[in-house]
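Enquirer: Okay, here's the prediction I keep looking at, along with the sequence it came from:
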Amino acid sequence: MSTKTDSVKLYKVRKLISELASKEGRGTELVTLYIPPKKPIHEVISNLREEWGTAGNIKSDTTRNHVQDALTRAMQRLKLYRTPPEAGLVIFCGALPTNGPGSEVINLYEIAPPKPVTAYLYQCDDHFHLEWLKDMLREEKVFGILSIDASEAGLGILTGDRLEISDLLTSGVSGKTRKGGQSARRYERGREMELTYYYHRVGEHATRVFIDSEKVTGMIVGGPGPTKEEFLKGDYLHYELRKKVLVVLDTSYSGREGVRELVEKASDTLADVRLVEEKKLVQRFLGEVNKPGGLAVYGLPRILDALQKANVDVILVSDDLDTVKLEAKCRKCGTSKSEVTLASAKIQRKQELISVACTNCGAVDFDVSEKDIVDILEEMAFQVASKVEVISSGTEEGNMLKTFGGIAAILRYRSG
């Protein structure tokens, strides 16, 4: 099953942004480099060489050395490329402290951006410039969801993997059964006036939510009964929004539940929206879990075992799984030992790993590296032509996945 969103790439970009946002240099020592796909690499290296020469004028020895070292490291990395990748290249490089002032080490972060880089940028500052990368994560398609009947209306915004209920309002419209003493005609006329006022209110709220607060690119309208058609036929919805109505659907509910039901029922119209992709993936997994002998497993050990047997179709990982693999390699003989642990416990686990002598030579001198579990799974999945899908933890489906430990897989075949 293939989906249109590269959820692993987006996960890595978000993780990198989160990691780099808190990094600070001692001076203007941190290099930010955005390279468009058609920018010749030799021109970029030439530009950085000039900047390296200019940095020689910096008075502070430490700052000067850090800037020149960062530029040298960036140029070395760029020499590995003949041309930029398809969407361009983003590099962040600079001297970052490992244990307070004076412990700075040159770190380089390289990423293939989720959307094409549109302009060249070189910046040397006390922080990394992440704004363009953040902009690339903004969804281009934003959908307004309006669920309405005669008693209540719900307005939601659907973008990427996020559905937000933006507004709920009740109509205050009288029921169809008239109160005693009122003539049918007078009662019906009063009810029509209440409905008209309610429709105007819904229209005003729709303008505020779908135009003023967030310009939607399309609208899904629905609800039980004929109210939605009456609302759309009248002159209640802003003309810009009327042009953006993609589909009108019958639902069992209105209000908050109606908004969620509309997203479900409009899955064909919203096929490219990440939230809908995630719903289909998680529902497919749940369907397999509930079948006798279904093609579903969960928990990291079982999934790693299935990957080693090339028996995984797709892996679902929660974006807040918070798990890393630590590896300690003996500097004397090269023997390695590894452990999978929660990222929040990695400092303690690192200390415990390196405090136990090498089982091969007895040395206690190790190089320790760490890798996000999503990277590990992606590498293993690539070897056996499987897919990894990162599921947002803030959705209904994400919460369902968490009940299975935040990691699950759909198998290719049922083994023994």
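Expert: Structure received. Residues are numbered from 1 along each chain as shown.
Enquirer: Figure out how far stretch 230-243 is from the centre of its chain.
Expert: From the chain centre to the centre of stretch 230-243 is a distance of 33 Å (CA atoms, centre = their mean, to the nearest Å).
Enquirer: What residues of it count as buried?
Expert: 231-232, 236-238, 241 (16 or more other CB atoms under 10 Å). Glycine gets a C-beta too; all of them are placed from N, C-alpha and C.
Enquirer: now do the same end-to-end measure for it.
Expert: Separation of the first and last residues of stretch 230-243 by CA to CA, to the nearest Å is 17 Å.
Enquirer: Secondary structure element holding residue 192?
Expert: For residue 192, the element it lies in under DSSP states H and E is helix 184-207.
Enquirer: which residues sit against that helix?
Expert: With CB atoms under 8 Å, 6 or more residues apart in numbering as the test, helix 184-207 has contacts from 144, 146, 148, 150, 153, 155, 167, 169, 171-174, 176, 178-179, 182, 230-231, 234, 236-238, 241.
Enquirer: Just checking: what are the partner strands of the helix or strand following that helix?
Expert: Going down the chain from helix 184-207, the next helix or strand is strand 218-223, by DSSP H and E. Here strand 218-223 is paired, per DSSP bridges, with strand 143-148 (parallel), strand 245-250 (parallel).
Enquirer: Residues contacting the first one, please?
Expert: Applying CB under 8 Å, 6+ apart, the contact partners of strand 143-148 are 153-159, 163, 202, 206, 209-210, 214, 216-223, 227-228, 231, 241, 244, 251, 253-255, 257-259, 261-263, 270, 273.
Enquirer: Output the below-cut-off pLDDT ranges for the protein.
Expert: For the chain, residues meeting the criterion pLDDT under 70 lie at 1-5, 100-102, 175-184, 187, 416.
Enquirer: could you pull out the strands for the stretch 301-416 of the chain?
Expert: Assigned by DSSP state E, counting those that start in this stretch, the strands in the stretch 301-416 of the chain fall at 312-318, 323-330, 336-342, 366-372, 387-391, 407-411.
Enquirer: so what's residue 27 up against?
Expert: For residue 27, the contact set (CB under 8 Å, 6+ apart) comprises 60, 63, 66, 126.
Enquirer: out of those residues, which are buried?
Expert: Buried members of those, counted by 16+ other CB under 10 Å: 63, 66.
Enquirer: Let me see the ranges of the helices in the stretch 251-400 of the chain.
Expert: Secondary structure of the stretch 251-400 of the chain (DSSP state H, counting those that start in this stretch): helices located at 255-265, 274-289, 300-308, 346-355, 373-383, 396-402.
Enquirer: I'd like to check the angle between the first one and strand 245-250, please.
Expert: Right, the one you point to is helix 255-265. Going by axes from the mean of the first three to the mean of the last three CA atoms, to 10 degrees, helix 255-265 is angled at 110 degrees with respect to strand 245-250.
Enquirer: Mind putting the buried residues of stretch 230-243 into TSV with secondary structure and distance to residue 384?
Expert: Shown next, in TSV, are the buried residues of stretch 230-243 (DSSP: H, G, I helix; E, B strand; the rest coil; distance: CB to CB, whole Å):
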residue	secondary structure	distance to residue 384
231	helix	52
232	helix	50
236	coil	55
237	coil	51
238	coil	51
241	helix	47
